[in-house]
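In: For reference, the sequence and a predicted model appear below.
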Amino acid sequence: VTSAFESLIAALKAFPDRTFHVYGHHGNSQDQNIHYRSFSGEAFLHDLANCHSVIATAGFTLMSEAMCLEKPCLALPMTGQFEQQVNALFLERSGCGLNARRANVDMLQTFFSRHAEFKRALQEYNASLLANGFAQYGGSAIKMTLDSLLANNLVLTPLASIPVVSSPVRGSDEHCDTAR
């Protein structure tokens, strides 16, 4: 358990009207509005499909799945992990979420208050992808960005032109966020 994790948990408790599911820590238990869960692929996928948003490190797999499901992300890239730094930067520049060095109450409040904005950006992004016939890329927008960088001598093209695959999922009305 790191101090960053402990400060995230403390910040989440400042939002008692929200329910958070935290995977991979403390087994299956509950502390106020935080439900700790042992990792379970099936339960995690269910929570991801039905959550309001995602708060996690900036690994490619979870972030791209969340984007395809149109779940705004608060990315907390791990220090020294270049891939995560790039992923979080891409997320923020695409308008689909926020890149944060650490989660605190102010950052979480900003993230939650901009949820509708991020949701619209995700919907537009995914619609653009489908309209432009990019479904065959399977949501690998970051790979497309890196390919573009390499093809253009590491000059970044506008991220709005690089879409992400959408897999619309009908979520419940339950208000929960998933942190991992």
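Out: Arrived safely.

In: Let me see the contact set for Met63.
Out: Val54, Ala56, Cys73, Ala75, Asn87, Leu91 (Cβ atoms under 8 Å, 6 or more residues apart in numbering). All C-beta spots, glycine's among them, are computed from the backbone N, C-alpha and C.

In: Name the SS class of it, please.
Out: Under DSSP: H, G, I helix; E, B strand; the rest coil, Met63 falls in the helix class.

In: Tell me the pLDDT of it.
Out: Note on Met63: pLDDT of 93.

In: what about it, distance to Phe20?
Out: 18 Å (Cβ to Cβ, to the nearest Å).

In: From the contacts of Met63, keep the buried residues only.
Out: Val54, Ala56, Cys73, Ala75, Asn87, Leu91 (16 or more other Cβ atoms under 10 Å).

In: what is the second one paired to in the beta sheet?
Out: Same thing as Ala56. Ala75 (DSSP bridges).

In: if I look at it, how far off is Gln84?
Out: From Ala56 to Gln84 the distance is 10 Å (Cβ to Cβ).

In: Quickly list what's touching both of the two.
Out: Counting by Cβ under 8 Å, 6+ apart, the residues touching both Ala56 and Gln84 are Ala75.

In: ends of stretch 19-34, how far apart?
Out: Across its full length, stretch 19-34 reaches 6 Å between end residues, using Cα to Cα, to the nearest Å.

In: and it, average pLDDT?
Out: 87.

In: likewise stretch 94-111?
Out: pLDDT averaged over stretch 94-111 gives 94.

In: Next, count neighbours for Ser7.
Out: 14 (other Cβ atoms under 10 Å).
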